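Chemist: the following block contains a protein sequence and its predicted model.
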Amino acid sequence: MSILLGAPVWYGNRPFEKTIEELYKLELDYFEFSLDYPLPDCMDAAEREKLNRLLEEYDLKIGFHSPLDTAVAHPRVEIADASMTVLRRCMTFSAEFLPRTLYYNFHVHPRISTYKLEDVRKQIKVKGLERCEELTQMASEFGLLVSVENDLVPFEWSDLILEALSLFYPTLQFTFDVGHAIKAEVCHPGIKEKAGSYLDYLKRWVDKCGAKILVAHVHDCSYTGEGIQDHLSIGRGELDFDAIFELLKSTSCKYLLIETFWKNIEKEEMDYEELRRNVELCKSYF
């Protein structure tokens, strides 16, 4: 199975030149660039050209993560329209790095308290499917491949993503976040405690969407007294990555993002030495 390995980069990783150099030293294939505020508008033409030169110099690819503060499927039309305006600017920016741009990743579930109500979810699904179709058309204008990521929403509440993939694949593909899939099942208010293991939760997603997975976000998780801590360095939590990577190998996944923010459950920030260990571990599986 041929797969490209990447790591996330966000505004807090400035100076970007130094960060990209360090990722190159780790022999990663790409990075996923988060476009949370103030990106991308804060980068002028010279800075964008410099980023393009760095990609060429280090022979790296780039993926993009849509701003987390946008809500393209929000049931209030004014909010959804404003979010689509922001995403158009972000896609315009992402297209400037073609052909090194791999994908544009986005979230679709709006973060509203009434989402746990079935009648509200049905309304949002109708609006969300319309927005997903608009997004795929917009991405096609720019020559971008879009991928929708599972949120902290339980599988049985994820009809919007599942139906969008059914309707719009392959112009819309799937980003499977392993930690989100687990955390959503055990930490979401309104969901009864379930029997079975976290591997059962992952397998349900893979059985349904495995052939549509473009990107996987991997990170460890640990059960704490307050729920689940995710985005841990691989091997520092409680997940069985032998089993997880076996599941991922059965899918169509092309890009694996090591989305680890913390070295341990005490939430010490990741460093490049710990990231190197994660990279080497992932490479041992593929």
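Modeler: Cool, got the structure. Residues are numbered from 1 along each chain as shown.

Chemist: can you map out the strands along the stretch 1-150 of the chain?
Modeler: Listed in chain order, the strands of the stretch 1-150 of the chain (DSSP state E, counting those that start in this stretch) span residues 4-9, 30-34, 61-65, 101-107, 146-149.

Chemist: mean confidence score for the first one?
Modeler: The one in question is strand 4-9. Within the predicted structure, the mean pLDDT of strand 4-9 is 99.

Chemist: can you pull out the residues in contact with that strand?
Modeler: With contacts defined as C-beta atoms under 8 Å, 6 or more residues apart in numbering, strand 4-9 is touched by 16, 19-20, 23, 26, 28-34, 61, 63, 65, 102, 254-259, 275, 279, 282-283. All C-beta spots, glycine's among them, are computed from the backbone N, C-alpha and C.

Chemist: same deal with the third one?
Modeler: When contacts are taken as C-beta under 8 Å, 6+ apart, the neighbours of strand 61-65 outside the stretch itself are 4, 6, 8, 29-35, 55, 90, 93-94, 97, 100-106, 215, 255, 257.

Chemist: just checking: what are the partner strands of that strand?
Modeler: For strand 61-65, the paired strands and their directions (DSSP bridges) read strand 30-34 (parallel), strand 101-107 (parallel).

Chemist: what's the angle from the longest one to strand 4-9?
Modeler: It stands for strand 101-107. An angle of 60 degrees separates the directions of strand 101-107 and strand 4-9 when computed by axes from the mean of the first three to the mean of the last three C-alpha atoms, to 10 degrees.

Chemist: and strand 101-107, how far from the chain's centre?
Modeler: Relative to the mean C-alpha coordinate of its chain, strand 101-107 is positioned 8 Å out (C-alpha atoms, centre = their mean, to the nearest Å).

Chemist: what's in contact with that strand?
Modeler: Outside strand 101-107, the residues touching it (C-beta under 8 Å, 6+ apart) are 4, 30, 32, 61-66, 68, 70, 72, 87, 90-91, 94-95, 135, 139, 144-149, 151, 173, 175, 214-215, 255.

Chemist: narrow the contacts of strand 61-65 to just the buried residues.
Modeler: Buried subset of those (neighbour count, 16 or more other C-beta atoms under 10 Å): 4, 6, 8, 29-35, 55, 90, 93-94, 97, 101-106, 215, 255, 257.

Chemist: that older thread, figure out which of the strands paired with strand 61-65 is closest to residue 157.
Modeler: Comparing those against residue 157 with C-beta to C-beta, the closest turns out to be strand 101-107 (14.1 Å).

Chemist: show me what the mean pLDDT comes to for that closest one.
Modeler: On average, strand 101-107 scores 98.

Chemist: swap in stretch 179-196?
Modeler: Mean predicted confidence for stretch 179-196 is 69.

Chemist: what residue ranges in the stretch 1-150 of the chain score low on pLDDT?
Modeler: Counting by pLDDT under 70, the stretch 1-150 of the chain contains low-confidence residues at 1.

Chemist: that older thread, buried ones among the contacts of strand 101-107?
Modeler: 4, 30, 32, 61-66, 70, 72, 87, 90-91, 94-95, 135, 139, 144-149, 151, 173, 175, 214-215, 255.

Chemist: give me the neighbour count for residue 247.
Modeler: Using other C-beta atoms under 10 Å as the criterion, residue 247 is surrounded by 19 other residues.

Chemist: for residue 38, same thing?
Modeler: Residue crowding around residue 38 was assessed by other C-beta under 10 Å; the count is 9.

Chemist: what's near enough to touch it?
Modeler: Contacts for residue 38 were tallied using C-beta under 8 Å, 6+ apart; they are residue 11.

Chemist: gap between it and residue 69?
Modeler: Counting by C-beta to C-beta, to the nearest Å, the separation of residue 38 from residue 69 is 11 Å.

Chemist: go on, residue 270?
Modeler: When C-beta to C-beta is the yardstick, residue 270 and residue 69 sit 23 Å from each other.

Chemist: tell me which of the two has more neighbours.
Modeler: Shown here are residue 270 and residue 69; by other C-beta under 10 Å, residue 270 has more neighbours (19 against 10).

Chemist: OK, contacts around that one?
Modeler: Contacts of residue 270 (C-beta under 8 Å, 6+ apart): 233, 260-263.
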